[in-house]
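Peer 1: I'll drop the sequence and a predicted model, then ask my questions.
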Amino acid sequence: MMRIVKGLIKLIIVATPLVVIAVGVAMLWLSRSQAPVNGTLAIAEIGGEVTITRDKNGVPHIKAPTRADVAAGLGFVHAQERLWQMEVSRMAGKGRLSEMFGDATVGTDIWLRTMAIDEAAEASLGVMDPETMAMLEGYARGVNAWMAREPRAFSSRLPPEYLILGYEPEPWAPVDTLIAVKMMSISLAANLGEEAMRLGFARLGFDEAEMADLLPYLDVDNPPAMPDLTELLGLEKGEIGADLTTADASASFAEIDGMLGTGASNNWVISGERTASGKPILANDPHLGLMAPSIWYLAHLEVVEEYDEPRHLIGVTLPGTPVVLLGRGNDIAWGFTNTATDAQDVFIERVNPDNPEEYLTPTGWTPFGQQEETIKVRGGEAQSFTRRWTRHGPVFPASYKNFDKLLPDNMVAALQWVALAHDDTTASIAPRLFDMRSVEDFQEGFDVFVTPMQSMVVADAAGTIGLVAAGRVPQRDPANRLMGRAPAPGWNAIYDWRGYAPYRAVPRQTNPESGLIATANTKIVGPDYPLHLTFDWDEPYRQQRIETLINDAVALQTQEMSRDVQADIFSPAFAELKPRMLKMLEGKALSDSERQMADKLAGWDSTMARDQAEPLIFTAWLRQAMIRTFEDDLGITFRDWFKARGKVMVRLLDDEAARNWCDVKGTDEEETCDQIMAEAFSAAIAELSERYGEDASSWRWGTAHYAKGAHRPFSEVGLLRRFFNVEVESGGGPFTLDRGRTQLQDDADPYANTNAASYRGIFDLSDLDNSTYIQTTGQSGNVFSRHYSDFAQTWADVQSIEIPATDVAEPEGVWTLSPE
């Protein structure tokens, strides 16, 4: 026996160093998948030499003779730094994620395959102009040149994710870029969710006033009375899925719901008459889902031979595309926010009871379009389904948004959406940006921009400021009283779109008398504007806060003052709610610790600072209050509706709601809101004690509200999360200018910051080389790179870097691409 034990000990002694060495060698091999900082490569079909000089922050300065060649350089560096991110984006657009990730993404693939995004992108290739096609083809050349290179000695040719998953990428093609552009539209989808919710509310028997309690309109809007949806669609009212609660809701499409409608943003431009430099100042911070690496990649593009002088574009690019989407040129700077135009309509289609292959149109029964789709599943059996579409667009999977429970067996829901256009020329903005020298050039040149509609502020060096909301606006029949707010009967022609508004009719401003243009996803037009954009605007808290901070300032505006506005963590919504909620605790029996917490909130200034406990206590209280007030009434619709809603809670606590939502269903007494708020407060303190410990002095908003830069797919994989996620404490909240949206419906991690300022840019047109930029993680998508997460703390502190259009003084490295 002792001989066996001694043998095992010897084996361990010998084997352990070998295992350590093997792991070390493997890690070294993987780490060398990073691009070398210097190099040369010959590429077929580029027109001239391309130089790529990286600065100390890893930002590439790409100089090339033509726009097509600079696109090749950008494709090359995107492939060096973000190849895995690009792969996930295009495979998502093709509905092929399960080939990489297995069963977990089958529901996502079914939804995306149903939308046929790749078909729309393929068709849109046919409407690209020659300049755009040259950039798309140049970009693909650059990407493929990096993928096809001979790797250096003892290194992986592909990033670690490919090796871990054993996956080999296909060559990049121009259509893949158009898919990436359309996937951006997915993340900025506007009101599909509200339409499905209103259908659910109608099925539950809520009247229009009760729906307005839950999804209130802006005070400045006066929408027409909405028809009774159950009568319009021929549906019954009553309990639906009463046995299902938030926790029971299907997660099959959770990833899609995470993609859709997560975009918000701030931007503003200030006239030179109001600035210290005498020239306009422009600022922009688009709020998108946090991820690792960041959605954006900073770059400087310089075209040296195609024009009479070198033309520069500097800002954030979207990996997978050759577009500087937000930033500056030689003479202009610009920024976007999501307009949230209602560019989606859900149509309820009636299925023929005698032939389920047909649906009803205004002229009679007609066959569904349909095609069999097969989803290959990594490590599992392939899954097949029938994709169907109607004259309006794709038919949703039955269980999406609970349509299978909201609709009878003889009805399905279909989607008409601008983003699915087969003549989408949005990518044609890529070459045009190099030509733009003035606000007028910008406003006129964005007529090719189809989707998603954006509120674009712009300024030029001559001192002009302006806005244009570029994108397609569906036109609806005046007799259509739904106006995009709820699903429409697909068999009634009144609800069909009547084409799109002409580009000259989209919102536009130039040099307003106020000297300020600001947008933040709420209403951007006055009462006399003739086009219908939407009734589902964002709550106006951020818009009003921007205007207050800028208009109330006594001093002339500077870039630093705009940075302070971007860094603002005061929550107007919580300041409005706090006294109302605290009043509900008066006279209630609270424990000593609960009373201390209430007193702490009473003295709180409503700022969402990461080193304070008060933002965490108040957010937890609001979360528990909303669950206890609304979950029993909303049933299966609650999960989709559940987020921090300031105006909803103000109306409730001011006793202005159409019903007593605080009354708990199934009890003998009628509960009041003060009872519910007191119970919610106690529940919130108990929850925080369980999550963060009994010692309330150690609670910090930043600990709970960490910015969750989630890697795909390793964000939820045990040990790998620690290496691949980029996480940093952050301040702000859902209503602050330094925004940090949480997923309150996520019981496991309800306070994490999942949607925030994905990029910040500030530009003084008196000296564009002093412009500042930051994105959320780092330039590299390779976890072994020192640039994988080096921006994260700078971003969390609302600081930034500069990227001048001059030669890099101390380059980190230089690559040269030459014609083969």
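Peer 2: Right, received. Where do you want to start?

Peer 1: can you map out the helices along the stretch 251-400 of the chain?
Peer 2: Ranges of helices in the stretch 251-400 of the chain, per DSSP state H, counting those that start in this stretch, are 254-259.

Peer 1: quick check: which ranges of it have low pLDDT?
Peer 2: 251-252, 261-262 (pLDDT under 70).

Peer 1: now the strands for it?
Peer 2: With strands called from DSSP state E, counting those that start in this stretch, the stretch 251-400 of the chain shows them at 264-270, 281-289, 291-292, 297-303, 311-317, 324-328, 332-338, 344-352, 355-361, 364-367, 369-375, 383-389.

Peer 1: please apply the same query to the stretch 501-650 of the chain.
Peer 2: 508-510, 516-519.

Peer 1: give me whichever of those strands is most buried.
Peer 2: strand 516-519 (a mean of 24; mean count of other C-beta atoms under 10 Å). Where C-beta positions appear, they are placed from N, C-alpha and C, glycine not excepted.

Peer 1: direction included, what does it pair up with?
Peer 2: Here strand 516-519 is paired, per DSSP bridges, with strand 264-270 (antiparallel).

Peer 1: run through who's touching the partner strand.
Peer 2: With contact meaning C-beta atoms under 8 Å, 6 or more residues apart in numbering, strand 264-270 is reached by 280-287, 335-338, 455, 457-459, 465-467, 515-521, 538, 542, 546, 550, 557, 562, 565-566, 737, 739, 741, 755, 757.

Peer 1: if you set the cut-off to 6 Å instead, what comes out?
Peer 2: 280-287, 335, 337-338, 457, 459, 465, 516-521, 546, 557, 737 (C-beta atoms under 6 Å, 6 or more residues apart in numbering).

Peer 1: hmm, back to that, could you work out which of the strands of the stretch 501-650 of the chain reaches nearest to residue 419?
Peer 2: Distance to residue 419, taken as C-beta to C-beta, is lowest for strand 516-519 among the strands of the stretch 501-650 of the chain, at 20.6 Å.

Peer 1: distance to residue 577 and mean pLDDT added to the strands of the stretch 501-650 of the chain, as JSON lines?
Peer 2: Formatted as JSON lines, those follow (distance: least, C-beta to C-beta, whole Å; pLDDT from 0 to 100):
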{"stretch": "strand 508-510", "distance to residue 577": "33", "mean pLDDT": "98"}
{"stretch": "strand 516-519", "distance to residue 577": "24", "mean pLDDT": "98"}
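
Peer 1: save those as a markdown table, and put in distance to residue 59 too.
Peer 2: As requested, these are arranged in a markdown table below (distance: least, C-beta to C-beta, whole Å):
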| stretch | distance to residue 59 |
| --- | --- |
| strand 508-510 | 32 |
| strand 516-519 | 28 |
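
Peer 1: of all those strands, which one comes closest to residue 177?
Peer 2: Between these, strand 516-519 lies closest to residue 177; by C-beta to C-beta that is 27.6 Å.

Peer 1: which residues sit against that closest one?
Peer 2: Contacting residues not belonging to strand 516-519 are listed as 267-270, 337, 455, 457, 467, 509, 546-547, 550 [C-beta under 6 Å, 6+ apart].

Peer 1: likewise for stretch 536-553?
Peer 2: For stretch 536-553, contacts defined as C-beta under 6 Å, 6+ apart pick out 191, 194, 218, 268, 516, 518, 520-523, 565, 572-573, 646-647, 735, 737.
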